[in-house]
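Peer 1: Here is my input, please return the structure:
(one chain, ligands or ions: 3)
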Amino acid sequence: MNIVLIGYMGSGKSLIGSALASILEFDYIDLDDYIENQEKKTISEIFDDKGEIYFRKQEHTYLKDVLQKNDTVISLGGGTPCFAGNMDLIIEAEKVKSIYLQTSLEELTHRLLSERSKRPLIAHLTNEDDLKDFIRKHLFERSFYYNQSDIKVQTDQKTVETIVTEIRSKLF
Ligand SMILES: Nc1ncnc2c1ncn2[C@@H]1O[C@H](COP(=O)(O)OP(=O)(O)O)[C@@H](O)[C@H]1O
Ligand SMILES: O=C(O)C1=C[C@@H](OP(=O)(O)O)[C@@H](O)[C@H](O)C1
Ligand SMILES: [Mg+2]
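Peer 2: Ligands and ions are numbered 1, 2, ... in the order given. You can find the predicted model right below:
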């Protein structure tokens, strides 16, 4: 089985994914890291040099690669399920469980304000209110895709340990 973590930027996909993989003794892939390794550039460099459309094309190709793995926890990027039919690919993939990490607008804004620089879509939003307005609208648009996940887990005010335990109990 593969486990795919879905959610908005800052929802904890990367943090929770690696912890979940180590508890389950699964392999771990962060799709953004995988893309950076394959392209030999950071995500920001890819956006700057080649643009978002190129990034989404590569993201789609590499998603198909990683879905072929077995017993792997895969943390997606926040936009992955929302482009190129990727959510349908995840739904139709054999033995894949998708988990939506749901995080409040307030918590996402708080987490992302200090971590904007490596996220090209929000790097320019230096003002907290502007960032919050952007996330509110963007999250609303993306929720259509996120809500197609098999399992949903709220992450606000929960430790990594609590979230991992909750995911395990919903999975098995
Ligand atoms: N449950 C949590 N409690 C506290 N901090 C968290 C939690 N989940 C994520 N974070 C923090 O929020 C930031 C974004 O997490 P990250 O795993 O990079 O999110 P994503 O991969 O979904 O964009 C990181 O600094 C991370 O340590
Ligand atoms: O939401 C998005 O479109 C993106 C999210 C990022 O991943 P995280 O969700 O891990 O920040 C990364 O893939 C890229 O910056 C685009
Ligand atoms: Mg991440």
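
Peer 1: who in this protein is up against ligand 3?
Peer 2: 13-14 (Cβ under 5 Å from the ion). In short, each C-beta sits where N, CA and C put it, glycine included.

Peer 1: So which bits of the chain are right by ligand 1?
Peer 2: 7, 9-15, 75, 78, 111, 115, 155, 158, 160, 163 (Cβ under 6 Å from any ligand atom).

Peer 1: Go again with 5 Å.
Peer 2: Within the chain, the positions adjacent to ligand 1 are 9-15, 111, 155 by Cβ under 5 Å from any ligand atom.

Peer 1: how about those residues in JSON lines, adding neighbour count?
Peer 2: Shown next, in JSON lines, are the residues of the chain next to ligand 1 (neighbours: other Cβ atoms under 10 Å):
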{"residue": "Met9", "neighbour count": "22"}
{"residue": "Gly10", "neighbour count": "25"}
{"residue": "Ser11", "neighbour count": "25"}
{"residue": "Gly12", "neighbour count": "22"}
{"residue": "Lys13", "neighbour count": "28"}
{"residue": "Ser14", "neighbour count": "18"}
{"residue": "Leu15", "neighbour count": "16"}
{"residue": "Arg111", "neighbour count": "16"}
{"residue": "Thr155", "neighbour count": "25"}
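
Peer 1: Those residues in strands, which ones?
Peer 2: The members of the residues of the chain next to ligand 1 all map outside strands under DSSP state E.

Peer 1: filter the residues you listed down to the ones close to ligand 2.
Peer 2: Met9.

Peer 1: most residues in a single helix of this structure, which one?
Peer 2: When the chain is parsed with DSSP state H, its longest helix is helix 128-146.

Peer 1: avg pLDDT for that helix?
Peer 2: Here helix 128-146 scores 98 as its mean pLDDT.

Peer 1: Okay then, goodbye and thanks.
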